[in-house]
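Student: Here you go, sequence then predicted model.
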Amino acid sequence: MPGDIPDEDIRRLFQTSQPQATNVDVQRMVTHGALNRSATRTSTKDSQFFPKPNRLMMTIRAGLIAAIAGCLIFFVIGPISDKGNAFAEVQAQVERARTVQYVMTSYDGDSVVPDAVSLPLENPSMADAITRLQTGLDSAGGDVAETIKAQLDVFRDLDKGKVLSVQRVRILGKHLERTDQLFPYLTLEYSDPTYTVRSARDGLMVTFNPARKEKQVLTQQVVHNRKTGETTTSEVKKIPTTVDFFAKFRSIPAEATESLPKTTIDGKDVIGFRSVEKHGDESWTRTYWVKPDSKLPVEIVTEVRNGNTLLQRWIQDHFVFDEELSDDLFSTETPEGWKSKNTQLHGFAR
Amino acid sequence: MNEIDEILLEKIKSGDIEAFTALVRAVEHKMLCTSYRILGQHSDAEEVRQCVLLKIWEKPETLPAGDRFWAWLHRCVVNESIAKLRRIRREQERNAGLSIRPVQPTSGAHCCEVDQLRKAMDKLTPEQRAILSLKFDSQMTVRQIGQILEQPFTTVQSKLKKAVAELRALMTTSDRDEGKT
């Protein structure tokens, strides 16, 4: 298609490249959706990308409130800043851990999605998971029961209607990570629970779908450069690096963290640290709540904001450190009778 | 919006599943197209479509009446898709810039052109993608697009012109680049 492309050609190209038409299963959607009415949002905003004038007033008002609050904190409570060593000690303790387990819950922000409808508990696999957990809880005792209770607590958050995803993450050594997608971005058609095993040492990333008996191996990476518009495709190379959890922890400059006043989580005392990073217009605030004796994290909250608007929040909690984890959990072999196929990894250049 | 549409909406508000199904059949493909152009992934676009349709079914009392309904519906698709795109990008940034995004397969004689279009669309802003999809997939007029985006006619007209020019340039460049290899 050399030279200028006429409108008619663009129209034809759009018409011939439309996605395959798929009919919505209305009956199924409505049946499942009806169970979820209590979990839907009450917001009726429908145009945050194309703002209306009253939004400006709200923004100014919110800004004023934030400024007054900031002044109060500064003058009344005083700046709390014992930088450096205390957080460095936490980093050192985390670095010593041989195994780590936690649950990562991703929440939607407070005004990103207009009137979004979440699709949580009606999903058959979620309902199954909860039933299985409840059954397991009835027969379990001790630590196992505690773990199951913690997981059920996470699922109960789904009732709030703001959870986007829930993942259980298990890390062995510094190189193996398994992520079980307990509550993925759901449609009723794409609702299989999956898990992904990453081996940083072998440069492997493999996703398993037990319901479909399918294994997907990442073989190529496609990097889009937003500034230049270029796209480069390359084979996935072996990258000798640690898993993301440790890398993130190490990358926080200890001296850039701020100490927070003591508080309690689940009735237990914790101490806190906060770091803030800027990514363009967005500010990423990470808050670490840590046990004072072991200096290991109890909860990590990551919030992304643009001005006063909360865009997204991730909470890592239910941490367990140094519990024995079987190598089998991190196997990347193809189980017997499963299909294996290759996939591409898409991402954006920094 | 004609009288039949008004009746259909009234029936949906009263919980008539057949009326809702008729509405779904009338709009499902256009919704999918718009969302797909913005997101570039079929499964993501289906998720957005389902969210918006569920919103109609679950909160019929919030549906705008009269002519405003159709603009509102398409606006929801555009906004929901852009919000989802931002969430996906944030997730990717959180995961050190990379996460699995399966690629849509292209096949047939015009797969090269389709691939060029997809790559060129990827380089446009989400708003530009939305405008182009509403224009060329849904065959809407500039005035209708303006109602959907709540923007003046002249603004949309100039944005459309710019988006088409950029798309042309990107596709022509891509054509030349492929000719070199």
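Tutor: Sure, I can see it.

Student: Give me the distance between the most centrally placed residue in chain B and chain A.
Tutor: Central residue of chain B (C-alpha atoms, centre = their mean): residue B:34, 1.8 Å from the mean position. Noted for residue B:34: a distance of 10 Å to chain A, by C-beta to the nearest C-beta, to the nearest Å. In this view, the C-beta of every residue, glycine as well, is placed from N, C-alpha and C.

Student: can you tell me the helix or strand for that residue?
Tutor: helix B:17-39 (DSSP states H and E).

Student: Just the CA coordinates for that helix, please, in CSV.
Tutor: Presented in CSV, the C-alpha positions along helix B:17-39 are these (Å, rounded to 0.1, in the frame of the first residue of the first chain):
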residue,chain,number,x,y,z
ILE,B,17,-34.7,-10.4,29.2
GLU,B,18,-35.9,-10.7,25.6
ALA,B,19,-35.7,-6.9,25.2
PHE,B,20,-32.2,-6.9,26.7
THR,B,21,-31.2,-9.8,24.4
ALA,B,22,-32.4,-7.7,21.4
LEU,B,23,-30.4,-4.8,22.6
VAL,B,24,-27.3,-6.9,23.1
ARG,B,25,-27.6,-8.4,19.6
ALA,B,26,-27.9,-4.9,18.1
VAL,B,27,-24.8,-3.5,19.8
GLU,B,28,-22.5,-6.4,20.7
HIS,B,29,-20.3,-6.3,17.6
LYS,B,30,-19.9,-2.6,17.5
MET,B,31,-19.0,-2.6,21.2
LEU,B,32,-16.5,-5.4,20.6
CYS,B,33,-14.9,-3.6,17.7
THR,B,34,-14.4,-0.3,19.5
SER,B,35,-12.9,-1.9,22.6
TYR,B,36,-10.7,-4.2,20.5
ARG,B,37,-9.3,-1.3,18.6
ILE,B,38,-8.4,0.5,21.8
LEU,B,39,-7.1,-2.6,23.7
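
Student: now the angle between helix B:17-39 and whichever helix or strand comes after it, please.
Tutor: Following helix B:17-39 in sequence order, the next helix or strand is helix B:42-58 (DSSP H and E). Relative orientation of helix B:42-58 versus helix B:17-39 (axes from the mean of the first three to the mean of the last three C-alpha atoms, to 10 degrees): 140 degrees.

Student: close to chain A, is helix B:42-58?
Tutor: Yes: Helix B:42-58 lies within reach of chain A by C-beta under 8 Å from any C-beta of the partner chain, at B:42-43, B:45-47, B:49-51, B:53-55, B:57-58.

Student: one step back: what residues are up against the residue nearest to the centre of chain B?
Tutor: By C-beta atoms under 8 Å, 6 or more residues apart in numbering or on different chains, the residues touching residue B:34 are B:74, B:77, B:78, B:81, B:130, B:133, B:134, B:137, B:138.

Student: give me the element the residue nearest to the fifth one when sequence neighbours are not counted is part of.
Tutor: Spatial nearest neighbour of residue B:130, excluding adjacent residues (C-beta to C-beta, 6 or more residues apart in numbering or on different chains): residue B:78 at 4.5 Å. Residue B:78 belongs to helix B:68-94 when assigned by DSSP H and E.

Student: helices or strands up against that helix?
Tutor: For helix B:68-94, the elements it packs on are strand A:309-321, strand A:339-348, helix B:3-13, helix B:17-39, helix B:42-58, strand B:98-100, helix B:126-132, helix B:142-149, judged by 3 or more C-beta pairs under 8 Å, 6 or more residues apart in numbering or on different chains; DSSP states H and E.

Student: Give me the buried positions along that helix.
Tutor: Using 16 or more other C-beta atoms under 10 Å in any protein chain shown as the test for burial, helix B:68-94 gives B:69-88, B:90-94.

Student: Ok, stretch A:271-284 next?
Tutor: The neighbour-count check on stretch A:271-284 (16+ other C-beta under 10 Å) flags A:271, A:272, A:273, A:274, A:275, A:282, A:284 as buried.

Student: okay, now the domains of chain B?
Tutor: What automatic domain parsing lists as the domains of chain B is B:1-94, B:109-181.

Student: so of those, which one's packed in deepest?
Tutor: Among these, the stretch with the highest mean neighbour count (mean count of other C-beta atoms under 10 Å in any protein chain shown) is domain B:1-94, at a mean of 19.

Student: just how off-centre is that one within its chain?
Tutor: Remark: domain B:1-94 is offset 10 Å from the chain centroid, using C-alpha atoms, centre = their mean, to the nearest Å.

Student: swap in stretch B:136-143?
Tutor: Taking C-alpha atoms, centre = their mean, one finds the center of stretch B:136-143 at 12 Å from the center of the full chain.

Student: Pull the residues that contact that stretch.
Tutor: Applying C-beta under 8 Å, 6+ apart, the external contacts of stretch B:136-143 come out as A:10-11, A:14-15, A:18, B:30, B:33-34, B:37, B:74, B:134-135, B:148, B:153, B:156-157, B:160.

Student: how about 6 Å then?
Tutor: Stretch B:136-143 is contacted from outside by A:10, A:11, A:14, B:30, B:33, B:134, B:153, B:156, B:157, using C-beta atoms under 6 Å, 6 or more residues apart in numbering or on different chains.

Student: farthest-separated two in those residues?
Tutor: Within those, two members stand farthest from each other by C-beta to C-beta: B:33 and B:153, at 23.0 Å.

Student: On the three-state scheme, residue B:15 is what?
Tutor: The local conformation at residue B:15, judged by DSSP: H, G, I helix; E, B strand; the rest coil, is coil.

Student: residue in the stretch 1-150 of chain A nearest to chain B?
Tutor: Closest to chain B within the stretch 1-150 of chain A is residue A:14: 3.7 Å, counting by C-beta to the nearest C-beta.

Student: Now do that residue: how many residues are near it, please.
Tutor: Neighbouring residues of residue A:14 were enumerated by other C-beta atoms under 10 Å in any protein chain shown; the total is 22.

Student: what mean pLDDT would you report for the helix or strand it falls within?
Tutor: Taking DSSP H and E as the definition, residue A:14 sits inside helix A:7-16. For helix A:7-16, mean pLDDT is 83.

Student: Name the residues of that helix that are buried.
Tutor: A:10, A:13, A:14.

Student: do stretch A:301-309 as well
Tutor: Using 16+ other C-beta under 10 Å as the burial criterion, the residues of stretch A:301-309 that qualify are A:301, A:302, A:303, A:304, A:305.

Student: near chain B, which of those show up?
Tutor: Taking C-beta under 6 Å from any C-beta of the partner chain as the test, chain B is in contact with residue A:304 out of the buried residues of stretch A:301-309.

Student: mind listing which of the buried residues of stretch A:301-309 are in strands?
Tutor: Among these, the members found in strands (DSSP state E) are A:301, A:302, A:303, A:304, A:305.

Student: Excluding sequence neighbours, find me the nearest residue to the first one.
Tutor: What it means is residue A:301. Per C-beta to C-beta, 6+ apart, closest to residue A:301 is residue A:287, 4.5 Å.

Student: same deal with the last one?
Tutor: Closest residue to residue A:305 in three dimensions, ignoring its sequence neighbours and counting by C-beta to C-beta, 6+ apart: residue A:283, at 5.3 Å.

Student: is that neighbour in a bridge, and if so with what?
Tutor: residue A:278, residue A:305 (DSSP bridges).

Student: Can you check what pLDDT the model gives it?
Tutor: Looking at residue A:283, its pLDDT is 86.

Student: Please report the distance of it from chain B.
Tutor: With C-beta to the nearest C-beta as the criterion, residue A:283 and chain B are 12 Å apart.

Student: Could you list the low-confidence segments of the chain?
Tutor: Went with chain A since none was named. Counting by pLDDT under 70, chain A contains low-confidence residues at A:1-6, A:31-84, A:108-164, A:183-193, A:222-230, A:236-243, A:344-350.

Student: meant chain B actually
Tutor: Short version for chain B, where the test is pLDDT under 70: B:1-4, B:93-111, B:174-181.
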